[in-house]
Every structure is written in C-alpha cells, then in structure tokens.
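Enquirer: could you work out the structure for the sequence below:
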Amino acid sequence: MFRTLVRGVVLAALCTSSLAHAADRVPPAEGIAETLLLVAPAASCPAGAVCFEAPGLVHAPTPAAPVGRVAFLPPAGAARRFKLTMDVTVGPWYPQETDGKHLIYWFVMSKNLDMPGLLYFRGPGKNQAFARHGIGLTHPQKIKIIRPFAAQVGHTYRVENDYDMAGGLYTVKITDLATGKLMVSLRGKPNVASYTVKPGTKILVDMGFPPGKVETEVPSYGWKYTDVRVEVYLQ
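Expert: Below you'll find the model as predicted:
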C-alpha cells in the first residue's frame with residue numbers, strides 16, 4: 001500500500017541566518033529551494049513503509065557550501081518508526097578543532113523540536129560517536145548518547161539511525177563499508193510511542209556545519225555524504 005519511493009533533489013547552501021539545528025524552528029536559509037520528485041513504486045521499499053532516497057553523492061562540504069540538505073514530503077498519518085541510512089566518507093578533521101563536533105546528520109520533522117536523530121563524529125582528543133534525539137523536546141532537553149569511536153580518515157562508514165518508537169528502541173549503528181565490521185552501536189529509548197505526521201510536514205536531513213556559528217560545532221570540509229535514504233513506517 002505504501003510501497004512508494006520518492007527521490008529528493010539535493011540542496012546545498014550556506015545558512016547565513018541562525019542555524020536550523022541550533023534552534024527550535026527552521027529559519028529561512030539563503031540559496032535553498034526545495035524540490036520533491038515522485039517516481040514509480042519500488043520493490044526495495046518494505047511493506048508498510050514509505051521510502052525516500054537521494055542516491056549517489058549528496059553533499060561534499062566546501063567553504064562556499066558547508067551545509068547540505070535533503071528534504072522529503074511524507075504522507076500524513078501516525079508513524080511508528082523512522083529510519084535513516086546514509087554513507088559518510090571521513091575527510092580531514094577540522095584542523096582548528098579536531099575534537100569538535102563534525103555533523104553527520106541532523107534528522108528532523110520540519111524543525112528541531114521533533115528529532116528522530118542527530119549524529120556527530122568527534123576526532124582526535126575526543127574520538128566519539130555523539131548522538132542526540134527526542135520528540136517534542138527543546139534542544140537542551142534532547143537525550144544524549146555518547147560512545148567511544150575513532151573514525152578513520154579515508155574510511156567510508158554506513159550509518160543507520162533507527163528510531164523505532166513502537167518498539168521502544170533507538171539505535172545508531174556505524175559499520176565500516178570496506179570490512180563490513182560493525183564499529184559501534186549506540187542504543188537508547190525514544191521518548192514517545194508514535195508520532196503524528198501532519199499535512200505539510202517535511203523530513204529534513206542536514207549534513208555538515210559552517211564554522212564559527214555554534215561553539216564546538218565545526219565544518220567537515222573534504223568529507224563526502226552519499227546515498228541518503230529515509231523510511232517512514234505508518235501504523
């Protein structure tokens with residue numbers, strides 16, 4: 001019934017206003033114009049889910065375009081689970097702050113208040129996978145999960161953010177694509193059992209961060225973000 005694949009056109013821009021994931025709203029972002037394209041049903045989408053995909057290279061941050069965004073328009077309804085999968089190739093650590101928060105993704109329902117997941121890699125000096133999540137919570141209230149993880153420059157990692165509200169389990173799995181080895185798994189519990197997707201809700205996935213906007217958040221110049229996929233499971 002919901003076996004539909006939607007492809008989002010990739011949008012990359014420097015947000016010159018206050019950053020979306022540093023506030024509880026989505027401010028206007030100069031240079032971002034969202035486009036949503038519908039395509040034929042896809043057998044790769046699990047039964048009971050609506051699938052969205054931005055294939056191939058999605059974002060490669062540069063000083064001119066440190067932030068990339070994909071946006072998808074899900075159907076309205078009661079959702080029991082959100083799942084985000086993407087690949088990230090680690091580039092140089094930001095030299096001025098190697099242990100800063102290099103943003104892998106900011107995964108929200110229209111605004112920061114409703115966040116099925118956020119993930120940073122922190123480099124030498126910290127060497128961490130740092131996740132946050134929470135529905136209906138302001139950013140300071142968001143739940144933190146931190147695990148030791150020394151991401152290696154040049155390695156590509158598959159990241160799976162599974163926000164299973166009905167199942168009461170939140171997991172972030174980070175796998176080295178070259179070896180297939182699960183490097184680290186972060187586990188927590190969603191703070192809600194379901195989520196009502198309202199008409200007009202947009203699923204936003206941001207990658208990368210500009211310098212000098214928020215303390216400890218740093219750009220990821222030279223990194224690559226590829227094959228972004230979101231699955232929404234409806235009740």
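Enquirer: where does pLDDT dip in the protein?
Expert: The chain contains residues with pLDDT under 70 at 1-43.
Enquirer: what's the biggest strand in this structure, counting residues?
Expert: strand 77-89 (DSSP state E).
Enquirer: in its sheet, what does it sit against?
Expert: strand 156-164 (antiparallel), strand 195-197 (antiparallel), strand 224-234 (antiparallel) (DSSP bridges).
Enquirer: for residue 208, find the nearest of these.
Expert: Closest approach to residue 208 among the strands paired with strand 77-89 (C-beta to C-beta): strand 224-234, 7.5 Å. No exception for glycine: its C-beta is placed from N, CA and C like everyone else's.
Enquirer: in the closest one, what counts as buried?
Expert: By 16 or more other C-beta atoms under 10 Å, the buried positions in strand 224-234 come out as 224, 225, 226, 228, 229, 230, 231, 232, 233, 234.
Enquirer: so who does the first one touch?
Expert: In this case it means residue 224. 57, 59, 60, 88, 89, 91, 156 (C-beta atoms under 8 Å, 6 or more residues apart in numbering).
Enquirer: mind doing that once more with 7 Å?
Expert: For residue 224, the contacting residues are 57, 60, 89, by C-beta atoms under 7 Å, 6 or more residues apart in numbering.
Enquirer: list only buried entries from those residues.
Expert: By 16+ other C-beta under 10 Å, these give 60, 89 as buried.
Enquirer: now, which of the contacts of residue 224 sits nearest residue 129?
Expert: Nearest member of those to residue 129, counting by C-beta to C-beta, is residue 89, at 15.8 Å.
Enquirer: ok so, going back, after the longest strand of the chain comes which helix or strand?
Expert: Next helix or strand after strand 77-89 toward the C-terminus (DSSP states H and E): strand 101-109.
Enquirer: what comes up buried for that next one?
Expert: Quick answer for strand 101-109 (16+ other C-beta under 10 Å): 101, 102, 103, 104, 105, 106, 107, 108, 109.
Enquirer: now stretch 182-189
Expert: 183, 184, 186, 188.
Enquirer: from residue 165, how far out is the third one?
Expert: Between residue 186 and residue 165 the distance is 17 Å, computed by C-beta to C-beta, to the nearest Å.
Enquirer: same thing with residue 72?
Expert: 18 Å.
Enquirer: now residue 49
Expert: 14 Å.
Enquirer: between those two, which one's more packed in?
Expert: Between residue 49 and residue 165, counted using other C-beta atoms under 10 Å, the more crowded position is residue 165 (23 against 19).
Enquirer: pretty sure that one contacts residue 83?
Expert: No: the pair formed by residue 165 and residue 83 falls short of the contact definition of C-beta atoms under 7 Å, at 11.1 Å.
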